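K.L.:
Return a 3D structure for these sequence lines:
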Amino acid sequence: MRELSEVEVVARNGVAVALVRGEIDLSNADATFSALRRAADGADGGLIVDLSELVYLDSAGVRLLFTLARAVSRKGGALRAVVPQGAQIRRVLELADAGQMMGLDESADEAVERLAHPGSDLPV
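P.N.:
Residues are numbered from 1 along each chain as shown. A predicted model of the protein is given here:
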């Protein structure tokens with residue numbers, strides 16, 4: 001049986017980036033959270049969750065991201081999510097006011113730059 005979501009973690013310029021593909025809903029949110037939490041625990045300074053290949057996100061997925069943002073913040077880091085402007089899930093995150101809990105970026109390059117250089121002049 002194929003999983004609804006897949007998480008792949010890579011390092012880019014010393015920053016941990018977790019690429020999430022597929023869907024996040026109630027049936028797999030806990031397993032996806034566990035994978036992302038392991039990535040966050042191993043990352044210094046924060047974590048980027050690249051959702052650019054995610055096609056579906058329900059309220060369980062939004063809750064997962066908020067919980068992860070709080071966990072990363074308690075470690076002194078920041079969570080940034082890559083959600084391109086045209087992505088289907090962008091509207092869901094905007095309605096949930098996710099920008100208050102994490103940075104929302106258009107691309108992984110943008111997110112890496114913001115996390116690697118938090119004092120830069122890039123717009124939030």
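
K.L.:
how about the longest strand belonging to the chain: buried residues?
P.N.:
Ranked by residue count under DSSP state E, the longest strand found in the chain is strand 46-57. Using 16 or more other Cβ atoms under 10 Å as the test for burial, strand 46-57 gives 46-52, 54, 57. Placement of C-beta: from N, CA and C, glycine included.

K.L.:
With stretch 14-21 instead?
P.N.:
Buried, per 16+ other Cβ under 10 Å, within stretch 14-21: 15-21.

K.L.:
I'd like the distance from the helix or strand following the longest strand of the chain to the chain centre, please.
P.N.:
Heading C-terminal from strand 46-57, the first helix or strand you meet, by DSSP states H and E, is helix 59-74. Centroid separation between helix 59-74 and its chain, computed with Cα atoms, centre = their mean, to the nearest Å, is 9 Å.

K.L.:
And the contacts of helix 59-74?
P.N.:
Helix 59-74 is contacted by residues 24-26, 29, 32-33, 36-37, 40, 43, 46-47, 49, 78-79, 81, 92-93, 96, 98, 101-102 when judged by Cβ atoms under 8 Å, 6 or more residues apart in numbering.

K.L.:
let's go with 6 Å and repeat that
P.N.:
24-26, 29, 33, 36, 40, 46-47, 79, 96, 101-102 (Cβ atoms under 6 Å, 6 or more residues apart in numbering).

K.L.:
Now for the residues you listed: which two are most distant?
P.N.:
The span of those, defined through Cβ to Cβ, is set by L26 and G46 at 26.7 Å.
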